[in-house]
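[1] show me the folded form of this:
(chains A, B and C, ligands or ions: 2)
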Amino acid sequence: MLVTSQPQPQTMSTANSSRWIAHVDLDAFFASCEQRDDPALRGRPVIVGALPGQRGVVAAASYEARAFGVHSAMPIGEAARRCPDAVYLRPDMDKYRQVSRQVMAALQSITPLVEVASVDEAYLDVSGLKRLLGPPAAIGERIKSVIREATALTASVGIGPNRLLAKLGSEHRKPDGLTIIRPDEAQGFLDPLPVSALRGAGPRAQAVFRRLGIGTIRALRDCDPERLTTAFGRRAALGFLRQARGEASAEVLPGRPRKSISKETTFQQDIEDQAALRAQLVALAAGVARTARRERLAGHRVTLKVRYRGFETHTRQRRLTQATQDERVLARVAAELLADPRLPQRPVRLIGVGLSDWA
DNA sequence: GATACGAGACATATAGTA
DNA sequence: CTAATACTATATGTCTCG
Ligand SMILES: [Mg+2]
Ligand SMILES: [Mg+2]
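    Numbers count the residues shown, from 1 in each chain, chains lettered A, B, ... in the order given. Ligands and ions are numbered 1, 2, ... in the order given. Below you'll find the model as predicted:
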């Protein structure tokens, strides 16, 4: 069964008429942070992620590394084959979070209507800035310049009548790009794009589109809704068709609270020993609890995740009457979940602990 | 007594970000 | 054929309860 998430209907022609939404995305974020802080890395391929010989993937590749075909989520072994002379670095998440806060603070100086979408991405409702800053292009340049002044990093910016078009705009020209999509240009911009550009069109959905012979957004628009519904289900099908017409939410929601905290680790070699696994759970539980306490969150739901040799993955969760942020409780509950006799008794590749359902 | 149905819990699938 | 992260979010199928 194919499951995809779809944005809720929020047509530009109805509730949110004539808005301007900006999407901001830092270029090769982790790799750019490292090149900024070490001049010796500038102009060289930089790959942030696992180190060659380890288990893991590329988190971020500099544009010099991308020239070798290296990209995010590529197994590190393949990256090492394609680009043996790159500089390989482990991620420094504390650094990236700090830079991220500087970026978001800079954006706040332009408008309070900033929605943080990831560590290096944000949506801004810039509808009201016309009088202050001028046309969308001037607003986009302003966004890029405050980020550059605050962090010495480049960003790509898309501005359009809703979130979808803003996001596709920021993807369109990068690095250091700026793309404005006016409402009357939207359909012409969308039509030649591959359906893989749409939100919710991941590997599984793309395979279905391929089977249906639908390659471009134009072809999707011309497709019989019945046929699409059969393939994707009603909700996903209508969602794709809406996007194909350029319809999407134009809402920007500042300060969205997080819904879960989790920590997981993949072992360099699979672990069979149950005591060793419980020791890992203790460390992961401590990490989750630390984040929970820092953010003053206590959760009712504990989730255990286990991935076995061969990549088979299982989760187990339990709801606690009393919400917790205590690593001892987390570790104990996770260990009890791991003891579920219905779980495979096989070498474990990955184990993780999560906390959600805030008090 | 059997059945329908909504709510909630749980397990899994899929996606998107670096 | 081998390799395949960490983290977060959402959709949906299945089960149980009342
Ligand atoms: Mg980015
Ligand atoms: Mg991004």
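
[2] my guess is A:Arg278 contacts A:Leu338. True?
    Yes. Counting by C-beta atoms under 8 Å, A:Leu338 is a contact partner of A:Arg278 at 7.2 Å. The C-beta positions use only the backbone N, C-alpha and C, and glycine is treated the same way.

[3] nearest to DNA strand B: which residue in the stretch 151-300 of chain A?
    A:Gly202 (2.3 Å; C-beta to the nearest atom of the strand).

[4] quick check: domain ranges of chain A?
    Following automatic domain parsing, one finds the domains of chain A at A:1-190, A:191-244, A:260-358.

[5] does DNA strand C have contacts with the shortest one?
    So the one you mean is domain A:191-244. Yes. Against DNA strand C, domain A:191-244 shows contacts by C-beta under 7 Å from any atom of the strand at A:233, A:235-236.

[6] filter those residues to the buried ones?
    A:Ala236 (16 or more other C-beta atoms under 10 Å).

[7] a markdown table please, covering the residues of domain A:191-244 next to DNA strand C and showing distance to A:Ala155, secondary structure and pLDDT.
    Shown next, in a markdown table, are these (distance: C-beta to C-beta, whole Å; DSSP: H, G, I helix; E, B strand; the rest coil; pLDDT from 0 to 100):
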| residue | distance to A:Ala155 | secondary structure | pLDDT |
| --- | --- | --- | --- |
| A:Gly233 | 36 | coil | 90 |
| A:Arg235 | 33 | helix | 87 |
| A:Ala236 | 31 | helix | 92 |
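
[8] pretty sure A:Gln317 belongs to a strand, no?
    Yes. Counting by DSSP: H, G, I helix; E, B strand; the rest coil, A:Gln317 falls inside a strand.

[9] give the contact list for it.
    If you count contacts by C-beta atoms under 8 Å, 6 or more residues apart in numbering, A:Gln317 has them with A:301-304, A:337.

[10] contacts with DNA strand B among the residues you listed, please.
    Applying C-beta under 7 Å from any atom of the strand to the contacts of A:Gln317, those adjacent to DNA strand B are A:Arg301.

[11] could I get the contacts of A:Gln317 as a markdown table with pLDDT, neighbour count and secondary structure?
    What follows is the contacts of A:Gln317, written out as a markdown table (pLDDT from 0 to 100; neighbours: other C-beta atoms under 10 Å; DSSP: H, G, I helix; E, B strand; the rest coil):
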| residue | pLDDT | neighbour count | secondary structure |
| --- | --- | --- | --- |
| A:Arg301 | 96 | 17 | strand |
| A:Val302 | 96 | 26 | strand |
| A:Thr303 | 96 | 21 | strand |
| A:Leu304 | 96 | 25 | strand |
| A:Leu337 | 95 | 21 | helix |
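
[12] closest to ligand 1 out of the contacts of A:Gln317?
    Ligand 1 has its nearest neighbour among the contacts of A:Gln317 in A:Thr303, at 28.2 Å by C-beta to the ion.

[13] isn't the closest one right next to A:Leu320, touching?
    No. Using C-beta under 8 Å, A:Thr303 is not in contact with A:Leu320, being 11.6 Å away.

[14] on the three-state scheme, the spatially closest residue to A:Gly128 that is not a sequence neighbour is what?
    Closest residue in space to A:Gly128, ignoring its immediate chain neighbours: A:Thr111 at 7.4 Å, by C-beta to C-beta, 6 or more residues apart in numbering. The assignment at A:Thr111 comes out as coil when based on three-state DSSP.

[15] ok, A:Thr111 to ligand 1 distance?
    The gap separating A:Thr111 from ligand 1 is 20 Å, by C-beta to the ion, to the nearest Å.

[16] ok, that residue touching A:Tyr123?
    No. Assessed by C-beta under 8 Å, A:Thr111 is found out of contact with A:Tyr123, at 10.9 Å.

[17] these two - which one has more neighbours?
    Counted by other C-beta atoms under 10 Å, A:Thr111 and A:Tyr123 do not tie: A:Tyr123 has more neighbours, with 27 against 20.

[18] show me what from chain A comes close to DNA strand C.
    Contact residues (C-beta under 7 Å from any atom of the strand) of chain A with DNA strand C: A:1, A:3-6, A:49-50, A:55-57, A:59, A:72-73, A:75-77, A:233, A:235-236, A:256, A:258-266, A:287, A:291, A:310-311, A:349-350, A:352, A:354.

[19] show me the contact partners of stretch A:321-336.
    Stretch A:321-336 is contacted by residues A:278, A:281-282, A:284-286, A:288-290, A:292-293, A:297-300, A:302, A:304, A:318, A:320, A:353, A:355, A:357-359 when judged by C-beta under 8 Å, 6+ apart.
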